[in-house]
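Chemist: Test case, fold it:
(chains A and B)
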Protein chains: 2
Amino acid sequence: MKRTLFTCMLLCFIGSLWAQQHPSLLLTREGVAEIRANRGKVAAFDRSLEATFAGAEKALQLPIVVPVPKDGGGGYTHEQHKLNYYYMFDCGVAYQLSGEEKYARYVVDMLLAYAKLYPTLGFHPMTLSKTPGRLFWQTLNESVWLVHTAVAYDCVYDYLTEKERRTIEEQLLRPVADFIMNGLEGNCTNNAVFNRMHNHGTWATAGVGMIGLAMGDQDLVDRALYGSDKTGKNGGFIRQLDYLFSPDGYFTEGAYYQRYAIWPFVVFAQCIDNNRPELKIFAYRDAIIPKAVATLTQLAYEGRFLRFNDALDKGYDAQELIYAVDIAYNADPSNKQLLDLAARYQQKFLPTDAGYAVARDIARGEAEPLSFHSALYRDGRNGDEGGVAAIRSTDPALNSLLTLKATSHGLSHGHYDKLTLAYYNNGDEILKDYGAARFINIEAKYKGHYTLQNKSFAMQTVAHNTLVADQRSHFDGKIKESSKYHAEIVYTDFSQPEIQIMSARETHAYDQVQMQRTTAYITTDFLQYPLIVDLFKATSETTHQYDLPFWYGGHMISLSFPYEKALTQLEVMGEKQGYEHLWREAWGKNTTSNTTTFTWLQRDKFYSLSTATTPDTELYMVRAGANDPDYHLRGEDAFLVREKGRTNHTFATALETHGTYDLQVEQSANLTASCREVKVIYDTPEATIVRVSFKDGQQVTLCVAWEGDADRRYRIKAEGERFEWKGAYHLVQNK
Amino acid sequence: MKRTLFTCMLLCFIGSLWAQQHPSLLLTREGVAEIRANRGKVAAFDRSLEATFAGAEKALQLPIVVPVPKDGGGGYTHEQHKLNYYYMFDCGVAYQLSGEEKYARYVVDMLLAYAKLYPTLGFHPMTLSKTPGRLFWQTLNESVWLVHTAVAYDCVYDYLTEKERRTIEEQLLRPVADFIMNGLEGNCTNNAVFNRMHNHGTWATAGVGMIGLAMGDQDLVDRALYGSDKTGKNGGFIRQLDYLFSPDGYFTEGAYYQRYAIWPFVVFAQCIDNNRPELKIFAYRDAIIPKAVATLTQLAYEGRFLRFNDALDKGYDAQELIYAVDIAYNADPSNKQLLDLAARYQQKFLPTDAGYAVARDIARGEAEPLSFHSALYRDGRNGDEGGVAAIRSTDPALNSLLTLKATSHGLSHGHYDKLTLAYYNNGDEILKDYGAARFINIEAKYKGHYTLQNKSFAMQTVAHNTLVADQRSHFDGKIKESSKYHAEIVYTDFSQPEIQIMSARETHAYDQVQMQRTTAYITTDFLQYPLIVDLFKATSETTHQYDLPFWYGGHMISLSFPYEKALTQLEVMGEKQGYEHLWREAWGKNTTSNTTTFTWLQRDKFYSLSTATTPDTELYMVRAGANDPDYHLRGEDAFLVREKGRTNHTFATALETHGTYDLQVEQSANLTASCREVKVIYDTPEATIVRVSFKDGQQVTLCVAWEGDADRRYRIKAEGERFEWKGAYHLVQNK
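Modeler: Just a heads-up that it's a prediction; the model follows:
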């Protein structure tokens, strides 16, 4: 009897101990012991710890300042509250790793200061957001605050007095969680966000779930995992895992926001895995979290994320990626490529179990080279809403990446850029995506928000390397329309060393115009570098003006015909849908040749884009920057091909990379294009044949069947030659 | 008697042996022995040797092609003849270092091919140069060809049959030397160049002298050393050493051409030192050659040469610098900083005695950190023609460089840029110099020559950070006038940690306007980074329009008053002297404050330029690119301050570097300027006092005595305060 009671008490005690064990979010007792035991043994990790301790020391030297919220992003109170959660995070971790009480005291004092302030707050005084926060101008930042604070709270939990704990939980942590989950003053938008299948919802569930775990509040954890009604049917983290990534681990807003979206996923997942291992969260949905991390690392060039949709210049060194890489590796230490990524691009590690594992295994020499491969990343929860196709050079020394985007809209950060192409080579953006028009955190630039030009220019179709009909953006730039549809990847074939190819179709962007683009990356034995052949087919029963811009990075070298350039006065290209932002720098028609070549220089390579034109084709050099009263736009440059009064038209373009240009030894070779002619020798709704001819007589002929049927046979006669093939495409090289 | 005869014969034999020893130009027998003995021991040097051998092997695999000259720079025959001398050089060296006959054979065969072609050549068919060559469009390239060929010839000399030697020397080498020294067909411009105090003359003397040494032709060597009349009074290498560098080792065309000019100096000097050690050539004129190398390494920022005058983007990794650094170190191995430069920026070594010495001593760990210091580099043979003053941050972590240029014109590569300022910080060009408008070797860009816009824009005053009166360039852009005068460095003082200062004067650029600029680099204890205070004084008895442009690198962030920006139409700023190339992007007057602040962002730092203005001051944002029909200009940006109808005016400007901007963790601080006011509180022809006030009440007051007399005392009352000081300047900081 006694023994049974004792056992029962013991079990209860152990059970409660387990539930209450601290730390257990990003640090564990075992992890803390291992990290403490190995101080001084893994230099790179020690440096990261030093940064954490330095952050904690800095915090200790400053007075605790918990200001009444006033400013927006980049402003004083906003930045101070951000600093505060980093201070708490650093001090909490420092307490665990050193045992020094001063760090714990700091966290507690700050939490008590917040506990005093928070109940006095209504909504933030700025009213820029539909989901205003209380400490911050938007609830999103409040959720991020809670994620960091939960980690700090977990670290100092055992240090708190019962009274402190009660004050902090009742006056601060539960109210914050409640606010994030349910809103305030009858404003329920927060509840909608909490349950929404959106990355803001993930931050909300992560914050609430993590503070639930830290406080041992089962109910909060369940609501975070399964939605505020706890059914799992109307919201929650698990459902977000089902909805927010495609089966290929692609996040619909694109790489830049996948970077941001991944953060709460990996952080909360780590906390869940530490506390609810039975959920096997990292294996959930065919290991969707590790897969999303892997896909994100592939959607980058030279460590910088691809710039499509709203995107700034971020990469593997972003703090989110440190979380993603460390936690993904900790979850699956067989992925040794992540070590290479961490070693080459980050050299910073989470001051946690996961960060230590990465640093330790790099030091043990376990890293394997990060490798890239051509792939299709399908969009949509079920992988049936188009996707991004990416061709990588098979020879890694070439370091080329060619992408074709044919996704769904991409929520609020999507651009009207169906079938846009981007080309990266030699470390540079060659055919560029503008990305976002935003100066994050810079008050002088529209308070750091997306500028008005993000919508009026950066999102518009003409700002991208894709077709614009009648100077109107896809879906007329209406997100509601665009969000109803998605483009379609017709096929990709990356299996042949001689040719990698991808084809995508868009049939909803314009009422009367159907579009399909097929782009191939072709290796020849006579050109210095591979050749890109790009066919863009517009089909319509009515006549239209078709514009195909190529936004390029580098300095304009030459155009192959006599053109006019604005000398004393620059005019704009149009009045709306992005055209009002384009200066018309140069223009002309090529009346002497059926092929127009534009050459530019980027770093030490030349790029020559040769395109089939007629004497009626209008050619323009344009530059972004008109109608931009506050210098919000970067002055990017484009070469624009315009065909007027066409029903059907197929743009045929060959892009050659060439040239050796060494300024230091003043040696140069191959600075002019080899391509002499790009000629469409056959063009029907079924198939198009383009022939690219070079100066020494070589020819590359690409036959494209637009349907993309792998089994269908084609037999075509063009220019006196017979072309026979089976399947979606056929390549003929004559040397 | 017998013994005497024997001794005499022996001495003669030794003498002749000495004179005839091969190799003895860049390689010596001792050097060859040491390099051969140490193959495989110094990895970095082995890599350079591998490159040489790879070059030689590549040559061997290609047919020998010695085309009839036809093309200009970048064109086929031009590049082929350049390749040929590199091939010969590599094969010659490879023969010495391996002893393998195939390499020697290649050199001989190519020389024989040239010996067949050369006598058939008149002048090069292109007629772009006043000194046309025969193999190349200009004799300059022919001299460079001869320098390389001399090294190759020296390497294979002992391998040649007597007949081959005679053919090569009589049909090729002597005729080339003769052509370079004396010209052809009655055209004596080459003779003038050979004897001219100009770097083209140095190439000519080096080529002729080196081939003279290789052939053992005393007469040619003497003419190279002492001019074609051998007197030393009218030309020659020794005289060039007297004339072409200032006593501070500064070459009048500026750093970019000093890089090029130094090449033949160090190469020929090495050959002289090996063969005529008694001349002590490296010690000549207070060691002017090593000094010129040291000065050149200082006239750089982050390894890139300062961009003033005609300059492209070149730096320590340029091939000339490999020659300069290796040979200078070999001449004086006590300069261990050169090892650091070679290790960090080059990692390439000459395949010669000198290159081996550098690589060996780096491997031995002898490098000492390359260090930079504030300095004045005087211009002019006697150091009395102005100079370039350069202030370096004393804290190397700051990595700042501020230059004030007040030199003589700088021969044909000089710009009309008296008193121009440049500021480099954080690895970037912040206040920029346009440099040259040229696309070297790119046929499509004016055949690779300096473009017309180099003269119409890049050289003009408005393209620089200095004063333009009445929209006219200094000396009206006339080189003949400009070359008669030089600006003057009034004083520099780099001795105080709190303030480094420099002052320069220009009194000839305009008939009626005198100019003086005093610029200080001031360290405060309240600003994040040092403060630059810049006073530009224009003095005149007649009224003028004064324009002071600041060409900046980075993105425009804000102007502190409501300005207008061109929205749908861009116009040009003027019609001539560079103004015709400026687009007028934005403009306005600041009617609400006496201080105008312009802020821009470059990388992760903000730069705020605050300048004293009145409601009449016109402010412009301009951009280069108008009247540029062939895209020869880069689209650089400037902030331009215009004062109209002034007799005397002092521009007072404070440039603040500030801000922490980390996009990866989205943390930012200090993104707006601290400066609130820049006010000239006293301004007479004798002295000016400027007060810069900051947001928290701090003030920096700089008192400047324009005369620059170190001993004079000043007592001035301004705004109710008394200022007393002795000397050229006085700094008061109120905190």
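Chemist: Now for chain A, the helix or strand with the poorest mean pLDDT.
Modeler: Lowest by mean pLDDT, DSSP states H and E among the helices and strands of chain A is helix A:2-20, with a mean of 46.
Chemist: mind saving the C-alpha coords of the following helix or strand past that helix as CSV?
Modeler: Going down the chain from helix A:2-20, the next helix or strand is helix A:29-37, by DSSP states H and E. The C-alpha atoms that make up helix A:29-37 are tabulated as CSV, following Å, rounded to 0.1, in the frame of the first residue of the first chain:
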residue,chain,number,x,y,z
ARG,A,29,19.4,19.6,-19.7
GLU,A,30,21.5,17.0,-21.7
GLY,A,31,22.4,19.7,-24.2
VAL,A,32,23.4,22.1,-21.6
ALA,A,33,25.6,19.5,-19.9
GLU,A,34,27.3,18.7,-23.2
ILE,A,35,27.8,22.3,-24.2
ARG,A,36,29.2,23.1,-20.8
ALA,A,37,31.5,20.1,-20.8
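Chemist: helices or strands up against the helix or strand following helix A:29-37?
Modeler: Next along the chain after helix A:29-37, taking DSSP H and E as the criterion, comes helix A:43-61. If you count contacts as 3 or more CB pairs under 8 Å, 6 or more residues apart in numbering or on different chains; DSSP states H and E, helix A:43-61 packs onto helix A:76-98, helix A:101-117, helix A:353-363. Bear in mind the C-beta positions are built from the backbone N, C-alpha and C, glycine included.
Chemist: Quick one: closest of the ones you listed to chain B.
Modeler: helix A:76-98 (6.6 Å; CB to the nearest CB).
Chemist: check whether the closest one contacts chain B.
Modeler: Yes: for helix A:76-98 and chain B, the contact criterion (CB under 8 Å from any CB of the partner chain) is met by A:79, A:82, A:83, A:86.
Chemist: Please name the residues that touch residue A:51.
Modeler: residue A:348 (CB atoms under 8 Å, 6 or more residues apart in numbering or on different chains).
Chemist: From residue B:161, how far off is it?
Modeler: 71 Å (CB to CB, to the nearest Å).
Chemist: Likewise for residue A:64?
Modeler: 90 Å.
Chemist: wait, what's in contact with residue A:611?
Modeler: Here residue A:611 is in contact with A:595, A:596, A:597, A:598, A:641, A:651, A:652, A:653, A:654, A:678 (CB under 8 Å, 6+ apart).
Chemist: now residue A:521
Modeler: Residue A:521 touches A:391, A:393, A:400, A:402, A:499, A:500, A:501, A:530, A:531, A:532, counting by CB under 8 Å, 6+ apart.
Chemist: Next, the third one: phi, psi?
Modeler: Backbone geometry at residue A:400, expressed as degrees, to the nearest 10, gives phi -110, psi 150.
Chemist: repeat for the fifth one
Modeler: Phi and psi for residue A:499, reported as degrees, to the nearest 10, are phi -150, psi 130.
Chemist: again, but for the one 10 residues further on
Modeler: Dihedral angles of residue A:509 (phi, psi; degrees, to the nearest 10) stand at phi -60, psi -30.
Chemist: what's the nearest residue to it if we skip its chain neighbours?
Modeler: residue A:474 (3.5 Å; CB to CB, 6 or more residues apart in numbering or on different chains).
Chemist: ok, that neighbour - contacts?
Modeler: A:416, A:417, A:418, A:461, A:482, A:506, A:509, A:510 are the contacts of residue A:474 under CB under 8 Å, 6+ apart.
Chemist: Out of the residues you listed, which sit inside strands?
Modeler: With DSSP state E as the criterion, strands contain residue A:506 from among the contacts of residue A:474.
Chemist: Taking the contacts of residue A:474 together, which two end up most distant?
Modeler: Among the contacts of residue A:474, the pair separated by the greatest distance (CB to CB) is A:417 and A:510, at 13.8 Å.
Chemist: and residue A:365, how many neighbours does it have?
Modeler: 7 (other CB atoms under 10 Å in any protein chain shown).
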